[in-house]
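Engineer: Just the structure for this:
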Amino acid sequence: MRVVAFAGHPPAAIDLNSPGSYVHWSIFQISVANLVLIAVMVVIFGAALLLPFPHGGKDIPGDAAVEPADGTGAEGTASADGLADGSTAASASPEPGPDDKMWTARVRNFGLRTLPPGKLLPDRQPAYVRSWIYVFGVASLAALGIVIVSGFAIALGGPDWWHTNPVGHFFNSLHLWSVELFMAFLVIHLWGKFWMAAWRGRRALTWITGVVAFVASVVEAFTGYLSQQNFDSQWIATNGKDAFNAVGVGAFFNLMNFGQMLMWHIVLIPIVLVAIIGAHVLLVRVRGVSHPLPVSRPRGLAARRAARIADSAAWRGPNRRYDILKEGTIASVVVLALTFGLAAVLSSPNDPPLTVRSWVQVAPNDFLATAATELGGTSLTATYGPPYNNNGTPQQILFAPADVAGVRQNIDAAQTFVLGPLSKTAPTDPALASALATYNAASAAQQVKWATAYGTAVTKVKFVNGAPVVPKANDGPVPALLATELTLARSGAIDADLSAQQPFYGTDFTKPLLFLEDGAYYANVATADHLTGDQWGVMNETGSYPGQPWLWLYQLWYHVPGFDNSTNVDLIAIYLTGVATILLLLVPFIPGLRDIPRLIPVHRLVWRSWNASSGGSAAPGKPEQPEGPVTPERHPAGSAGDR
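Structural biologist: Numbering: from 1, shown residues only. The predicted structure is shown next:
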């Protein structure tokens, strides 16, 4: 039960706020919502491989695509050699002029040489681009555009607008589903490029920027979840902090600081993400899409060398008409329609956050027991270690990164959560002032004994007219202290005090969230929503909504036998996820990994139309490279042989 409620939710045709369903086998547990999302992605990928692509016109022979000296076609448009594969026909260089050494002229000339109009806005593409797999790049860009626009709309109303206003909630729904579509299209795009071995032909940097864009998108989506200010964002923050704290990053990148996460989400990461995606798109324009893999693998060193040379060469085979702006417009309309439909039918989750006040209204006994552990120095926060205090042992593999960062957010659990709030009320409450004086005058050992005795007795607490009645124990002034603490919590004063300790804007919820996390009620609510670590909770969203299935690899390490019981499991998960990410980045350079697309020829489905028309050779009418020494033959611009 949660007593905080948000108003103004727009009705949804299908209510996904009801408890979700989950599938469990072996060490894996996944929500049906995430399973459906993954299954839809796989089906879409399979359909893109198998469904025939519309022909849309006849191929244009390569020799009709020669670019004239001025870089334009016969009608002043970009010619066919300004292709998606980055090729350009030879053009005459203009006579050197007196301004050529100017910085401005040099930059302009470099830009024109690197990205002439025919490359930047091509109206031709190679004839082998005949598969639905190729559309997911532009579909990802279209979805990203809707993500940005819907995010702008939410920003206009403010960070709490979508919680209280039905229009704001609808824009939040648009934002959620556009993000889900963006990540789905991006992953499918990455799958396609992997099976096409798209890093061939000096396109490794294109692959690397694509992977970096994917990683940046994951971080951007993660900070978006943290910025929601609902229960899911609270739980993700308090659990995600452990991994970040273990590697020492949490001292500077505080997941429980809503203001910091929001600024990362709406300013810093988007700038980086858009820049990386822009660089990726420009690299595609410069280097172009990779050539088809041959149906049969080249045998021998000489044949493989010839294949590498062919992959790097400019495309001189037949081309097709290609209206890039029309394609982008159609993709945007389709994605926008999907987003509006999903937002209208399914809405978005808005499970209210927990507060100390809502906690004591539902589980006052748990609150009192937790407060006793804060006084006794046995709570999770009191024994956490860096970056909050020096009372715990940080995780370490060879060394402890948390020790390097040190204590950056000093939290004395007893003072922060109990004694501090009480001391502010004591001047107007003589009985409380006397109890505080007695407690503060005692030794640290005596204070711990009192708190421990109270913690044992409070398990049998009863409430009479709302007041706690704890069995007698050797607990000194602790019952009086915590009875007042309970009263303050019920009034909302504890929430206000923990937030008011900030010097300016109250956007850092570190202290109230740590206090909540120390209690059992917080974890019980998360367990009911299937958000805990042993439930693969980092991937889940509340209700029956899909969450973040793209975090499966990070979550996996917590369930591997041997790792799951390790005291260093957060470091293990971060390190192994980092290693896997580096391997993905370096696929173009790692023998074995880069050869998988050749060994498992999914690429034949991508290029089956081209293979059928060209007989499976590198270009129509050109046989595959034989084994043995081969000297690549140079063909005139527009011929079908030199690629």
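
Engineer: For the rest of this, base every contact and every neighbour count on C-alpha atoms.
Structural biologist: Noted.

Engineer: quick one: low-confidence parts of the stretch 501-643 of the chain?
Structural biologist: Residues of the stretch 501-643 of the chain that meet the criterion pLDDT under 70 lie in 501-505, 615-643.

Engineer: let's see it at 90
Structural biologist: 501-507, 609, 611-643 (pLDDT under 90).

Engineer: Could you do the stretch 201-350 of the chain as well?
Structural biologist: 228-229, 251-252, 286-288, 294-317, 320-322, 324, 350.

Engineer: now the helices for it?
Structural biologist: Assigned by DSSP state H, counting those that start in this stretch, the helices in the stretch 201-350 of the chain fall at 204-226, 231-246, 258-263, 269-287, 301-312, 324-346.

Engineer: Format the ones you listed as TSV; extra columns: mean neighbour count and distance to Pro318.
Structural biologist: Shown next, in TSV, are the helices of the stretch 201-350 of the chain (neighbours: other CA atoms under 10 Å; distance: least, CA to CA, whole Å):
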stretch	mean neighbour count	distance to Pro318
helix 204-226	20	24
helix 231-246	22	52
helix 258-263	19	49
helix 269-287	18	18
helix 301-312	18	16
helix 324-346	17	18
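
Engineer: To Thr370, which of the ones you listed lies closest?
Structural biologist: Taking CA to CA, helix 231-246 is the member of the helices of the stretch 201-350 of the chain nearest to Thr370, at 16.7 Å.

Engineer: Identify the residue nearest the most centrally placed residue in the chain in space, chain neighbours excluded?
Structural biologist: For the chain, the residue sitting closest to the mean C-alpha position, by CA atoms, centre = their mean, is Val218 at 1.6 Å. Distance criterion CA to CA, 6 or more residues apart in numbering; nearest residue to Val218, sequence neighbours excluded, is Trp550 at 7.5 Å.

Engineer: burial count for the closest residue to Gly151 other than its chain neighbours?
Structural biologist: Among residues not flanking Gly151 along the chain, His175 sits closest, at 6.3 Å (CA to CA, 6+ apart). Residue neighbour count, defined by other CA atoms under 10 Å, stands at 28 for His175.

Engineer: for Pro349, same thing?
Structural biologist: By other CA under 10 Å, neighbour count at Pro349 equals 24.

Engineer: I'd guessed it sits against Asn17; true?
Structural biologist: Yes. Using CA atoms under 8 Å, Pro349 makes contact with Asn17 at a distance of 6.3 Å.

Engineer: tell me the domain boundaries of the protein?
Structural biologist: 10-350+547-643, 356-528 (automatic domain parsing).

Engineer: what's the first-to-last distance across the shortest one?
Structural biologist: End-to-end distance for domain 356-528: 19 Å, by CA to CA, to the nearest Å.

Engineer: rewinding a little: quick one: which of the helices of the stretch 201-350 of the chain is nearest Ser379?
Structural biologist: helix 231-246 (14.8 Å).

Engineer: could you give the angle of that closest one to helix 204-226?
Structural biologist: Helix 231-246 runs at 120 degrees relative to helix 204-226, counting by axes from the mean of the first three to the mean of the last three CA atoms, to 10 degrees.

Engineer: ok, and what's touching helix 231-246?
Structural biologist: Contacts with helix 231-246, where a contact means CA atoms under 8 Å, 6 or more residues apart in numbering, come from 225-227, 250-251, 253-256, 351-354, 386-387, 394-396, 400-402, 513-514, 517, 526, 531, 538, 541-542, 570-571, 573-574.

Engineer: Now with 6 Å, please.
Structural biologist: With contact meaning CA atoms under 6 Å, 6 or more residues apart in numbering, helix 231-246 is reached by Tyr225, Leu226, Gly250, Leu255, Met256, Asp351, Pro352, Pro353, Gln395, Ala402, Asp570.

Engineer: wait, what's in contact with the last one?
Structural biologist: Read that as Asp570. Per CA under 6 Å, 6+ apart, neighbours of Asp570: Ala243.

Engineer: Helix or strand: which one has it?
Structural biologist: Element membership for Asp570, per DSSP states H and E: helix 569-585.

Engineer: Could you measure from Leu255 over to Val274?
Structural biologist: For Leu255, the distance to Val274 - CA to CA - is 23 Å.

Engineer: Check Gly210 too.
Structural biologist: For Gly210 relative to Val274 (CA to CA), the value is 12 Å.

Engineer: Any chance you could list residues touching both of those two?
Structural biologist: In contact with both Gly210 and Val274: no residue, using CA under 6 Å, 6+ apart.

Engineer: Please work out the average pLDDT along the helix or strand encompassing Ile44.
Structural biologist: According to DSSP H and E, Ile44 maps onto helix 32-50. Mean pLDDT, helix 32-50: 96.

Engineer: Please write out the alpha-carbon positions of the helix or strand immediately after that helix in the chain in CSV.
Structural biologist: Remark: after helix 32-50, the chain's next helix or strand is helix 103-114, criterion DSSP H and E. Only the C-alpha atoms of helix 103-114 are listed here, as CSV (Å, rounded to 0.1, in the frame of the first residue of the first chain):
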residue,chain,number,x,y,z
TRP,A,103,42.2,28.8,-43.0
THR,A,104,38.6,29.4,-44.0
ALA,A,105,39.3,28.3,-47.6
ARG,A,106,41.2,25.2,-46.4
VAL,A,107,38.4,24.1,-44.1
ARG,A,108,35.8,24.8,-46.9
ASN,A,109,37.8,22.9,-49.5
PHE,A,110,38.3,20.0,-47.1
GLY,A,111,34.6,19.8,-46.4
LEU,A,112,33.7,19.8,-50.1
ARG,A,113,36.3,17.1,-50.8
THR,A,114,35.2,14.9,-47.9
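
Engineer: Tell me how far helix 103-114 lies from the chain's centre.
Structural biologist: The chain centre lies 36 Å from the centre of helix 103-114; the measure is CA atoms, centre = their mean, to the nearest Å.

Engineer: start at 8 instead
Structural biologist: Noted, 8 is the first residue going forward, which turns the last one into helix 110-121.

Engineer: re earlier: ok, and for the helix holding Asp577, which residues are buried?
Structural biologist: Val576, Asp577, Leu578, Ile579, Ala580, Ile581, Thr584, Leu591, Leu592 (16 or more other CA atoms under 10 Å).

Engineer: same check, this time on stretch 21-30
Structural biologist: So, applying 16+ other CA under 10 Å, buried residues of stretch 21-30: Leu23, Asn24, Gly27.

Engineer: So what touches that stretch?
Structural biologist: Stretch 21-30 has contacts (CA under 6 Å, 6+ apart) with Gln36, Ile37, Ser38, Val39, Val352, Leu353, Gly550, Ser551.

Engineer: Quick check: the farthest pair among those?
Structural biologist: Gln36 and Val352 (26.8 Å).

Engineer: hang on, the earlier thing: report the buried residues of the helix holding Ile51.
Structural biologist: Those would be Val39, Ala40, Asn41, Leu42, Leu44, Ile45, Met48, Ile51, Phe52, Ala55, Leu56, for helix 39-57 by 16+ other CA under 10 Å.

Engineer: and the residue nearest to the fifth one when sequence neighbours are not counted, what are its phi and psi?
Structural biologist: Read that as Leu44. If the residues on either side of it in the chain are set aside, Leu44 comes closest to Pro553, at 7.0 Å by CA to CA, 6+ apart. Dihedral angles of Pro553 (phi, psi; degrees, to the nearest 10) stand at phi -70, psi 150.

Engineer: Look up how far Ser28 lies from Pro553.
Structural biologist: 11 Å.

Engineer: can you check Pro61 too?
Structural biologist: Distance from Pro61 to Ser28, by CA to CA: 40 Å.

Engineer: what does Leu426 give?
Structural biologist: 43 Å.

Engineer: For Ser551, what is the enclosing helix or strand?
Structural biologist: Counting by DSSP H and E, Ser551 is part of no helix or strand.

Engineer: contacting residues around it?
Structural biologist: Ser551 touches Leu23, Gly27, Ala40, counting by CA under 6 Å, 6+ apart.
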